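Engineer: This is the structure alone, sequence omitted:
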C-alpha cells in the first residue's frame, strides 16, 4: 500500500466503518422511505434519490495508489485488490491474501466505500436521526443531521456521524464522525471530512475526492489527507458472486 493509505490508517480512520460490517438488505417501499426525516430525504433527492440508489446493485472505483474496489451494494460484500494484498468480505468473514497480511484488514475493507457512498449509506436500517444546530464550516453556514446506531448494530454501534449540508441546494458539504471501535465508549471527539466536488454517475452524485481536515476546539485546521476516486462504475447488474468467495489458503482477519 502506498503512503497515502498507510498514513490514513495511522491516523485512526480505519475503525469508523465497522458499524456497517453487516449484511444490509435495502428496501425501497414507502414504509422504509418514511423512516428517513424530511431533510435527509431532500438531501437524497439532491444527490439522485434514495430510490434510484437502491436500484443499483454494484459499485466499483479505483484509488490513486492503484487499488481497485468492487462492492455488492445489497449484501455489502467487498473485493479490494491492492498491490500487496487482496481483501474480501464474503458476507461472513473478511479474508486476506496473502494470509500473512491480515492485520487491519477487517477495519479497512469497507472504509472507503462507506465514506464514498455518503449520503446514501445513511439511509441504512438501524439508524437514529436527530436534527442539530447550524454550524460554520469552510466559510459556509451549514445545517446538520446527527446519525447514531441502535444497540447491536455492527461492531461499533456507539459511533456518531453528523452530515452537514447546504440549505439552499440540499447538497452534502461535510461529514463529522467519531471513532469508538477500540474503546467501545462513546466519544465527543469528532473528525472532519470535506465534500465539495461531485460527479454524476448513472444519475447519482458521487464524490470525486474526499479531504480530511484537522478539527479541534470547534475549529477547522489544515487539510491532512486527500483521497481521489477514479474509474467509477455504478450498475443495476449484480456483481459476480465468485469475486467475493474466499480463495484456498486465504487468512481470516480478526478484530485487531
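Structural biologist: Now that the structure is in, tell me what you want to look at. Because the structure is a prediction, the values reported are computed rather than measured.
Engineer: now the helices for this structure?
Structural biologist: Using DSSP state H, the helices of the chain run over 3-10, 30-33, 38-46, 50-54, 105-108, 111-116.
Engineer: Go through these and find the least confident stretch.
Structural biologist: Among those, helix 3-10 carries the lowest mean pLDDT, at a mean of 39.
Engineer: how near is the most centrally placed residue in the chain to residue 73?
Structural biologist: Nearest to the geometric centre of the chain sits residue 114, at 1.2 Å (CA atoms, centre = their mean). Separation of residue 114 from residue 73 (CB to CB, to the nearest Å) stands at 12 Å. From N, CA and C alone the C-beta is placed, and that goes for glycine too.
Engineer: Ok, residue 65 next?
Structural biologist: For residue 65 relative to residue 73 (CB to CB), the value is 23 Å.
Engineer: Comparing the two, which residue is more hemmed in?
Structural biologist: residue 73 (24 against 14; other CB atoms under 10 Å).
Engineer: That one is in contact with residue 57, isn't it?
Structural biologist: Yes. The pair residue 73 / residue 57 is scored as a contact, 5.7 Å apart, by CB atoms under 8 Å.
Engineer: Show me the beta-bridge partners of the closest residue to residue 239 other than its chain neighbours.
Structural biologist: Spatial nearest neighbour of residue 239, excluding adjacent residues (CB to CB, 6 or more residues apart in numbering): residue 58 at 4.3 Å. Beta-bridge partners for residue 58, by DSSP bridges, are residue 72, residue 235.
Engineer: check contacts around residue 58.
Structural biologist: 70, 71, 72, 73, 233, 234, 235, 237, 238, 239 (CB atoms under 8 Å, 6 or more residues apart in numbering).
Engineer: Mark which of these are buried, thanks.
Structural biologist: In the contacts of residue 58, burial by neighbour count holds for 70, 71, 72, 73, 234, 239, counting by 16 or more other CB atoms under 10 Å.
Engineer: and which of those residues is nearest to residue 106?
Structural biologist: Nearest to residue 106 among these, counting by CB to CB, is residue 71 at 15.8 Å.
Engineer: Next one: residue 213 from residue 87, what distance?
Structural biologist: Relative to residue 87, and taking CB to CB, residue 213 is found at 27 Å.
Engineer: Just want to know which of these two has more residues nearby.
Structural biologist: Legend: neighbour count by other CB under 10 Å for residue 213 and residue 87, higher for residue 87 (25 against 17).
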